[in-house]
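Enquirer: Need coordinates for the following:
(chains A and B)
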Amino acid sequence: MSVGLEHYLVLSAVLFSIGLYGALAKKNAVVILMCIEIMLNAVNIAMVAFSRYIVPTVLTGQIFAIFIIVVAAAEAAVGLAIVISIYRNRETIESTDIDLMKW
Amino acid sequence: MPTQLFWFIFLLPVISFAIITLFVKPFVRRESPLAGYITITAIAGSAVISIWTLIEVLGAPHHEIAVPSISWVAIGNVFEINLGIIMDSLTAVMVVVVSVVSLMVQIYSLGYMAHDEAGYTRYYAWMSLFTASMLGLIIASNLLLMFVFWEMVGLCSYLLIGFWFHKPSAANAAKKAFIVTRFGDFGFLAAVLLLYAKTGTFDTAEISSLAAAGALTGTAITWAAIGIFSGAMGKSAQFPLHVWLPDAMEGPTPVSALIHSATMVSAGVFLVARTFPIFVHSLEAVTVVAAIGGFTAIFAASMGLVANDIKRVLAYSTISQLGYMMLALGAAGIVLSHEGHTAIDAAKAAVAVGIFHLFTHAFFKSLLFLGAGSVNHATGTFDMRLMGGMRKVMPWTYITFLIGSLSLAGIWPLAGFWSKDEVLITALEGNTLLFILAMITVFMTAFYMFRVIYMTFHGEYRGGDPEAHGHLHESPGVMVWPMVFLSVLAVGAGWWNVSGHFGAFMGHGETKGVIEGLFGIFTHSPWPIISLLLGIGGIVLAYLMYGSKRISAERVGDMFKPLYTMFLRKYWMDELYEDIIVRKTLIGVLFAGLQQVDTYAVDGTVNGVANGTSAGGGIIRRLQTGQLQLYGLFIGIGILAIAICLYTFG
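Expert: The predicted model follows:
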């Protein structure tokens, strides 16, 4: 059995779903950040797979994936900094306790 | 005479106003008499051109000179307003009256206002502006332009009544005059717009010919005429809008002489005369004019009987005489309407009697006001109870005032006799009841004028203004000469029509010999004799009550106590307007009701919308939990929903 586009897409969808579930359901802010990283990487897989299977001669998808990795790194740095800042102020990183936007 | 010169009748005072406002006021010492000299020069120029105009018009065919008009506003071919001059006998007579009386008053003011150094320049600036607006009103050929000048004379009247604005009474009188006349002006403006809507033009001559051709009919023409008349009622102080004129006496006396006796208040009569070809088509309208005029004549005269302020007596007398003029116009209109003579020429001729009375009245009434000012100059007061014996100190004032009074009382052969007599004859032709009222008014007029004479000039001096200083003296020549000049006119102005020439000039009646007119007037009918005897009777009664004191004025006052009180309190008209209409009805009921509407309906709506929004927000904001992940879930569900929709329906 050869590995085709569908397999990559299924893997990507599974990873994305796991990430989405974690981002919406987990309470620990660090875990939420990790789940967002998983979702981004799921997208990366889909990008590279599409690029490889549909337009093999151009590298658009791969280049885009590299961009996403860079942005994800920056986002992780900013996100963790925010989490640390919240922890210093409120002594918690439970997402249910961070409710300043509440009415 | 070049027709462009007609414009200068109006433009010279405008130029004088501009020079005084732009150059004299900022750059010249305020007590300098320069402003007065500029005004007098400009108005003298106007007067010379006016008299020249009158001579030209007298010689012109049909007594009318066509003047090319200037386009003012033109919107395509749809809408056009011209700046035009109408130069007929009516205009010619009026410009002479206004410019001559104004010239005399300006000269007189040099002396009268000499002590008022602070306001000297301001006074002359406004007097120039007033004279300009009044002359503009007379020469204007279309109703819109007339309305503009109409409002400008109203403005000048306001400014000059409130000339001594630091006195609260003067400031209030100015406001009262402005507001009361505004009621009438509303009707005038409505009538102008109605006429424009019906005829598509503002030009008086065009409207007249359209009305004569039957383009205007029925109620429209009645309403238009009554609207114009309501404007005239405000300006000419006819009942029930007369209340402002007695209070307007707060202004300087020369202002009263010019604006509130000779010119502006007669603008109402002039306006009715100018638009008379419209009035004659409506019997209702001319009846209203005659009835209001006749009633005002006797109504105002009755208040003049008891007033103690010399200027107020003259003010009531002015209202009463304006009533005469309106009566003459209305009665002539009734006659024409009954006979069905509604052609333009007949209508224009019918105003001759009213305008003749306006013409003579302007001279003797401004003379009387100047006389009152002269007395005030010496005594410092207007209260006749503090005067007396002035005839010894001020012989010139006394003689001129006496001539003016005799003329006003209608004594043969002075000017007032001739015009008043024609008014009475016209009234008799129009309506018997109004004629009787007018006859009684003759008696009252003679009585109150000679009451003034005896209280002011005869008997012993009663002290004058207790706070005034200085001794009694005759006024300076600059004040006496205008009075002498006007008294000559008060005697002679009526002789223009002794031979019927004034009437013929206006297109009315035929001419006869002077001698025949002078004495023949008593042979045609008994009424001139009767009115003359009534006038003499009034004088005799005044002599008995205030001259020889054979009849005690107090006893007569006590005998007719209720009447006396009613006259003295001015029929409670001020109380009616101020307390019952303004305070109780308007403020107490109408405005209070409107305030309820404002509080509950308007504010209620605004607050209700705000409260509803706030309450709705209170419910909806509970969705805003602050839980980031919940928002994420909604976003996810939303995206999913969009995707499903696209997949199913796309």
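Enquirer: so what's the residue of chain B found nearest chain A up against?
Expert: With CB to the nearest CB as the measure, B:G626 is the residue of chain B nearest to chain A, at 2.9 Å. Quick note: C-beta positions are derived from backbone N, CA and C, even for glycine. By CB atoms under 8 Å, 6 or more residues apart in numbering or on different chains, B:G626 lies in contact with A:98-103.
Enquirer: Around chain A, which positions in chain B sit nearby?
Expert: Neighbours of chain A within chain B, by CB under 8 Å from any CB of the partner chain: B:621-622, B:624-629, B:632-633, B:636.
Enquirer: what number of residues lie near the residue of chain A found nearest chain B?
Expert: In chain A, the residue that lies nearest chain B is A:K102 (2.9 Å; CB to the nearest CB). When counting by other CB atoms under 10 Å in any protein chain shown, one arrives at 11 neighbours for A:K102.
Enquirer: cool, B:M134 as well?
Expert: 31.
Enquirer: Wait, A:Y87 touches A:I98, no?
Expert: No - counting by CB atoms under 8 Å, A:Y87 does not reach A:I98; the two are 10.2 Å apart.
Enquirer: neighbour count winner among these two?
Expert: Neighbours were tallied for A:Y87 and for A:I98 using other CB under 10 Å; the higher tally belongs to A:I98 (19 against 13).
Enquirer: what's the closest non-adjacent residue to the more buried one?
Expert: Once flanking residues are discounted, A:I98 sits nearest to A:I86: 6.2 Å by CB to CB, 6 or more residues apart in numbering or on different chains.
Enquirer: Check whether that neighbour sits in a helix, strand or coil.
Expert: Secondary structure for A:I86, judged by DSSP: H, G, I helix; E, B strand; the rest coil, is helix.
Enquirer: likewise B:W72?
Expert: Under three-state DSSP, B:W72 falls in the strand class.
Enquirer: What is the neighbour count of it?
Expert: B:W72: 13 surrounding residues under other CB under 10 Å.
Enquirer: which residues touch it?
Expert: Here B:W72 is in contact with B:81-83, B:145 (CB under 8 Å, 6+ apart).
Enquirer: What is the nearest of these to B:I70?
Expert: Of all the contacts of B:W72, B:I70 sits closest to B:L83, with 4.5 Å by CB to CB.
Enquirer: B:L283 is in contact with B:H338, correct?
Expert: Yes - here B:H338 reaches B:L283: they are 7.4 Å apart, a contact under CB under 8 Å.
Enquirer: interface residues of chain A facing chain B?
Expert: Going by CB under 8 Å from any CB, the residues of chain A near chain B are A:20, A:23-25, A:32, A:95-96, A:98-103.
Enquirer: hmm, 7 Å instead?
Expert: Taking CB under 7 Å from any CB of the partner chain as the contact definition, chain A meets chain B at A:20, A:23-24, A:95-96, A:99-103.
Enquirer: Distance check, B:G227 against B:I639.
Expert: From B:G227 across to B:I639, the span is 72 Å (CB to CB, to the nearest Å).
Enquirer: Compare neighbour counts for these two and give me the winner.
Expert: Per other CB under 10 Å, whichever of B:G227 and B:I639 has more neighbours is B:G227, with 22 against 10.
Enquirer: and that one, how far is that from B:I179?
Expert: 19 Å.
Enquirer: And B:G410, by the same measure?
Expert: Distance from B:G410 to B:I179, by CB to CB: 34 Å.
Enquirer: These two: which is more packed in?
Expert: Shown here are B:G410 and B:I179; by other CB under 10 Å, B:G410 has more neighbours (27 against 12).
Enquirer: Which residues are in contact with the more buried one?
Expert: By CB atoms under 7 Å, 6 or more residues apart in numbering or on different chains, B:G410 lies in contact with B:416-417, B:420, B:442, B:531, B:535.
Enquirer: among the residues you listed, who's most crowded?
Expert: Counting neighbours by other CB under 10 Å, the top entry in those is B:K420, with 32 neighbours.
Enquirer: So for the helix or strand containing that one, mean pLDDT?
Expert: Taking DSSP states H and E as the definition, B:K420 sits inside helix B:415-430. Helix B:415-430 carries an average pLDDT of 87.
Enquirer: contacts for it?
Expert: Outside helix B:415-430, the residues that touch it by CB under 7 Å, 6+ apart are B:290, B:294, B:324, B:327-328, B:330-332, B:334-335, B:353, B:356-357, B:360, B:363-364, B:407-411, B:434-435, B:438-439, B:442, B:490-494, B:497-498, B:521, B:527-528, B:531.
Enquirer: Alpha carbons of that helix, in CSV - could you do that?
Expert: Provided in CSV are the C-alpha atoms of helix B:415-430 (Å, rounded to 0.1, in the frame of the first residue of the first chain):
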residue,chain,number,x,y,z
ALA,B,415,-55.8,122.6,6.8
GLY,B,416,-57.5,120.1,9.2
PHE,B,417,-60.9,121.5,8.4
TRP,B,418,-60.8,120.7,4.7
SER,B,419,-59.4,117.1,5.1
LYS,B,420,-61.6,116.2,8.0
ASP,B,421,-64.7,117.5,6.3
GLU,B,422,-64.1,115.3,3.3
VAL,B,423,-63.5,112.3,5.6
LEU,B,424,-66.9,113.0,7.2
ILE,B,425,-68.7,113.4,3.9
THR,B,426,-67.1,110.1,2.6
ALA,B,427,-68.1,108.4,5.9
LEU,B,428,-71.7,109.6,5.4
GLU,B,429,-71.8,108.1,1.9
GLY,B,430,-70.4,104.8,3.2
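Enquirer: Show me what counts as buried in that helix.
Expert: B:415-428, B:430 (16 or more other CB atoms under 10 Å in any protein chain shown).
Enquirer: which other helices and strands contact the helix or strand just after that helix?
Expert: Following helix B:415-430 in sequence order, the next helix or strand is helix B:432-457 (DSSP H and E). Judged by 3 or more CB pairs under 7 Å, 6 or more residues apart in numbering or on different chains; DSSP states H and E, helix B:432-457 is in contact with helix B:283-304, helix B:310-339, helix B:390-393, helix B:395-409, helix B:415-430, helix B:527-542.
Enquirer: how about 10 Å then?
Expert: helix B:283-304, helix B:310-339, helix B:352-379, helix B:390-393, helix B:395-409, helix B:415-430, helix B:527-542 (3 or more CB pairs under 10 Å, 6 or more residues apart in numbering or on different chains; DSSP states H and E).
Enquirer: Give the rounded mean pLDDT of the fourth one.
Expert: So that's helix B:390-393. 83.
Enquirer: Can you get me the start-to-end distance on stretch B:73-89?
Expert: In stretch B:73-89, first residue to last residue: 28 Å (CA to CA, to the nearest Å).
Enquirer: just how off-centre is that stretch within its chain?
Expert: 26 Å (CA atoms, centre = their mean, to the nearest Å).
Enquirer: Same question for stretch B:566-585.
Expert: 22 Å.
Enquirer: in it, what counts as buried?
Expert: For stretch B:566-585, by 16+ other CB under 10 Å, it's B:567, B:570-571, B:577.
Enquirer: what do you get for stretch A:22-31?
Expert: Buried residues in stretch A:22-31, defined by neighbour count with 16+ other CB under 10 Å: A:22-24, A:26, A:29.
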